[in-house]
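*Asks:* compute the structure for the input listed below.
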Amino acid sequence: MGTFLITGATSGIGRAVALRLTEHGHPVIGIGRDETRGASLESDSNGLATFIRCDLHSNEDIDHLFVHLKEQGVTLHGLFNNAATFGRPGTPERLTHDAYTEVFDVNLYALNTVTQRAIPLFDQGASVVNNAAIVGHVKFPPMLAHYAASKAAVVALTKTFAHRMKGKVRFNAVCFGPVDTPLSHKLYGGEAKFKEAMSHHFRGHAASPEEIAPVVEFLLTDASSYINGQAITVDGGYTLS
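*Replies:* Reported below is the predicted structural model:
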């Protein structure tokens, strides 16, 4: 069984992926900022998930994380770069430099730093999955230009890493459609407003994190050994409308 590192592991998609991996016997190292949620992840994972507090806004935190993993002799079979922020929505002609920096610091720069630091710990044939979202690939909401731009950059970075590593480590991006998570609720101004908006989805509602988790698990494990350098849309047909 391989060991997997997941950022943003204490809620939403990250938590669902962590629990699915542990259900199938894989040890998981879950990264997040909320220690209460981290303890909950550990208790719900049959003892296979280990939470480590790490604020991805802080390069010092990231450095400490990987020093610790190296000292513990950890070998990683995969990495799910899931953590992200929407930032503060605004029309593109009004978004400030600071608004872009806030989003890119987590969605791109931290993702890149975590990936760079993880590479020396990867086993041969390891897999990286990046959360790129449909807004960075095929659908661009006008109030989320900075978020969409960061996710488009993640798609490009994914393909560049895949080419550079030449199959020694696989890299793929998953472009999710709307998912019913606390972060999505916050973006829409609350759970009720989110669910109302999602009533216009093809099937009448967004995905649950548990529907997304099997796709990420597939790409992280050897079952997807011939998939590399791809940006895969998983949205239930949302982008067809």
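*Asks:* okay, and the helix or strand of this structure with the least pLDDT?
*Replies:* For the chain, using mean pLDDT, DSSP states H and E, the weakest element among its helices and strands is helix 182-188, scoring a mean of 80.
*Asks:* which strands and helices lie in contact with it?
*Replies:* Helix 182-188 sits against helix 191-198, with contacts defined as 3 or more Cβ pairs under 8 Å, 6 or more residues apart in numbering; DSSP states H and E. (Glycine included, C-beta is placed from N, CA and C.)
*Asks:* mind checking how far the helix it packs on is from the chain centre?
*Replies:* Between the mean C-alpha location of helix 191-198 and the chain-wide mean there is a distance of 22 Å, by Cα atoms, centre = their mean, to the nearest Å.
*Asks:* hmm, who's touching that helix?
*Replies:* With contacts defined as Cβ atoms under 8 Å, 6 or more residues apart in numbering, helix 191-198 is touched by Pro178, Asp180, Ser184, His185, Leu187, Tyr188, Gly204, His205, Ala206.
*Asks:* distance check, Lys70 against His64.
*Replies:* Going from Lys70 to His64 by Cβ to Cβ, to the nearest Å gives 11 Å.
*Asks:* right, I mislabeled it, should have said Ala173
*Replies:* From Ala173 to His64 the distance is 27 Å (Cβ to Cβ).
*Asks:* mind naming the longest strand for this structure?
*Replies:* With residue count as the measure and DSSP state E as the assignment, the chain has strand 122-131 as its longest strand.
*Asks:* please identify the buried residues of it?
*Replies:* Of the residues in strand 122-131, those buried by neighbour count under the rule 16 or more other Cβ atoms under 10 Å are Phe122, Ala126, Ser127, Val128, Val129, Asn130, Asn131.
*Asks:* and the gap between the closest residue in space to the second one that isn't next to it in sequence and Leu121?
*Replies:* What it means is Ala126. Spatial nearest neighbour of Ala126, chain neighbours left out: Val169 (4.9 Å); criterion: Cβ to Cβ, 6 or more residues apart in numbering. For Val169, the distance to Leu121 equals 11 Å [Cβ to Cβ].
*Asks:* the two: which is more packed in?
*Replies:* Under the criterion of other Cβ atoms under 10 Å, the comparison of Val169 against Leu121 puts Val169 first, with 23 against 18.
*Asks:* residue most distant from the centroid, the chain?
*Replies:* Computed with Cα atoms, centre = their mean, the residue of the chain farthest from its C-alpha average is Glu93, at 27.9 Å.
*Asks:* circling back to that earlier point, who's more crowded, Ala173 and His64?
*Replies:* Neighbours per residue, other Cβ under 10 Å: of Ala173 and His64, the larger number sits with Ala173, 28 against 14.
*Asks:* Pro141 - nearest residue in space that isn't next to it in sequence?
*Replies:* Val135 (6.1 Å).
*Asks:* part of a strand, is the residue farthest from the centre of the chain?
*Replies:* No: counting by DSSP: H, G, I helix; E, B strand; the rest coil, one finds Glu93 to be coil, located in no strand.
*Asks:* nothing else from me, thank you.
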